[in-house]
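>>> Here is a sequence with its predicted model. Questions after.
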Amino acid sequence: MNYEHDHPFIPAHHQLSLLIDLARQYHLDDHILLSGSGLFLQDILSANKKISYLQFMTVLNNAKAHFHSDDIRFLFGGRCLTTPFNHALKSILYAQNFEQALNRCLEFHALVCPWLTPKIMKNHQEIIIYWLNVPRNNDGLFLLEMSMSAFKALSREILAEKVTWQFDFNSDEPEYIEQYWSHLGDQLHFKQPISCMRLSIDYLQKPLPQHSFTLSSTCYIQAQHDIEKYQLQHSFLEAIYRYLMQNIGQGVSLDSTATYFSMSSATLKRKLKKHGTSFQAQVDQCRLHTAMILQRVHGFNSEQIAHHLAIHDPTNFRRAFKRWCGLPLQSLV
């Protein structure tokens, strides 16, 4: 069973408590921040309320709309993965090396960063973190800025040193670029095929100064129990993504995907619409991610990528690539 956007699984007193504290520092009323979410401050203070992704996003959208400073996304993100709310985060903070910490971020993402699902690809030079189902609007950019700040802060916390990341954005340079310089640094690249953050592969096996075998191991086991207890292994959209990625080279259709998930095509369309997406958008995302993996990890050129995706006409591939990411095929180089 895969959890959906309206399933209450996020403890309201975890990351949202950080956002409420920030709101108070900026003199933003709690009621404005929680407006429309069905949440009250007492729900958070009770420490036993769980909320859905949709409720969480309502609060984030309120923050984006009502904070009078563009640094909120960076400040909030910078605290989200370094505050040990639960067993999953503790298992990450006390991990043996950076690779183990990143793998646990992926495994426990529902408990660690429920706003966006992270993925990782690696080649001989770089670790590349990217995300699934990023909205192609300002809401998506807000979530990316928050997520990148979170992973940058986590790396600095557990490696106990300044870490120089490269940041790619599938968007134009924002008007508040000085916030990027202040919180992310100056290694910034805009108008890229996908939004991601990149770091030298040399960091993967670096031992972490605060590693604790006992704490890390026991917290990891407890986090696994939490994932199994609440059935948080995969979200509905992540399950769709996994299926499409496994079959993208053989051709996929709405009907075959619906059959795989034991539902009608109409039900699948309805569920995707409920999650703010469509089947074509999901296929386009998987084709773009496949193209990036083939190019960055395996060194494929554009002709080899097109062949793998069963797109045999060069003109069609150029058009398709621009539809996937909004940029010409030359940006793949």
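Looks like it came in fine.
>>> so where do the strands sit in the stretch 101-250 of the chain?
Using DSSP state E, counting those that start in this stretch, the strands of the stretch 101-250 of the chain run over residues 117-122, 126-132, 166-168, 188-189, 196-200.
>>> what sits up against the shortest one?
Contact with strand 188-189 is made by Gln166, Phe167, Asp168, Phe169, Glu173, Ile177, Tyr180, Trp181, as judged by C-beta atoms under 8 Å, 6 or more residues apart in numbering. From N, CA and C alone the C-beta is placed, and that goes for glycine too.
>>> Can you spell out the domain ranges of the chain, please?
Using automatic domain parsing, the domain ranges for the chain come out as 1-68, 69-229, 236-332.
>>> Mean neighbour count added to the ones you listed, as TSV?
Putting the domains of the chain into TSV (neighbours: other C-beta atoms under 10 Å) gives the following:
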stretch	mean neighbour count
domain 1-68	17
domain 69-229	18
domain 236-332	16
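>>> Mind putting those domains into JSON lines with mean pLDDT?
Shown next, in JSON lines, are the domains of the chain (pLDDT from 0 to 100):
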{"stretch": "domain 1-68", "mean pLDDT": "93"}
{"stretch": "domain 69-229", "mean pLDDT": "96"}
{"stretch": "domain 236-332", "mean pLDDT": "95"}
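>>> quick one on the thing from earlier: distance to Ala310 for the strands of the stretch 101-250 of the chain - can I get that in JSON lines?
Shown next, in JSON lines, are the strands of the stretch 101-250 of the chain (distance: least, C-beta to C-beta, whole Å):
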{"stretch": "strand 117-122", "distance to Ala310": "22"}
{"stretch": "strand 126-132", "distance to Ala310": "23"}
{"stretch": "strand 166-168", "distance to Ala310": "27"}
{"stretch": "strand 188-189", "distance to Ala310": "30"}
{"stretch": "strand 196-200", "distance to Ala310": "25"}
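>>> Which among these is found nearest to Ala110?
strand 117-122 (8.5 Å; C-beta to C-beta).
>>> got the angle for the longest helix that the chain contains vs strand 126-132?
With secondary structure taken from DSSP state H, the chain has its longest helix at helix 138-159. Interaxial angle, helix 138-159 versus strand 126-132 (axes from the mean of the first three to the mean of the last three C-alpha atoms, to 10 degrees): 140 degrees.
>>> can you give me the helices in the stretch 201-333 of the chain?
For the stretch 201-333 of the chain, the helices defined by DSSP state H, counting those that start in this stretch cover 213-229, 236-247, 254-260, 265-274, 279-296, 302-308, 314-325.
>>> so which of the ones you listed gets nearest Pro207?
Among the helices of the stretch 201-333 of the chain, if distance is taken as C-beta to C-beta, the winner is helix 213-229, at 11.6 Å.
>>> what comes into contact with the closest one?
86-88, 90-91, 94-96, 104, 107-108, 110-111, 232-233.
>>> let's see 10 Å
Taking contacts as C-beta atoms under 10 Å, 6 or more residues apart in numbering, the residues outside helix 213-229 that touch it are 9, 84, 86-96, 100-101, 104, 107-112, 208, 210, 212, 232-233.
>>> How much space separates the closest residue to Tyr203 other than its chain neighbours from Lys191?
In space, Tyr203 comes closest to Phe98 once its chain neighbours are excluded; the distance is 5.1 Å by C-beta to C-beta, 6 or more residues apart in numbering. Separation of Phe98 from Lys191 (C-beta to C-beta, to the nearest Å): 29 Å.
>>> and if you look at Asp29?
Taken as C-beta to C-beta, the span from Asp29 to Lys191 is 38 Å.
>>> about what we covered before: relative to Gln304, which of the strands of the stretch 101-250 of the chain is closest?
strand 117-122 (16.9 Å).
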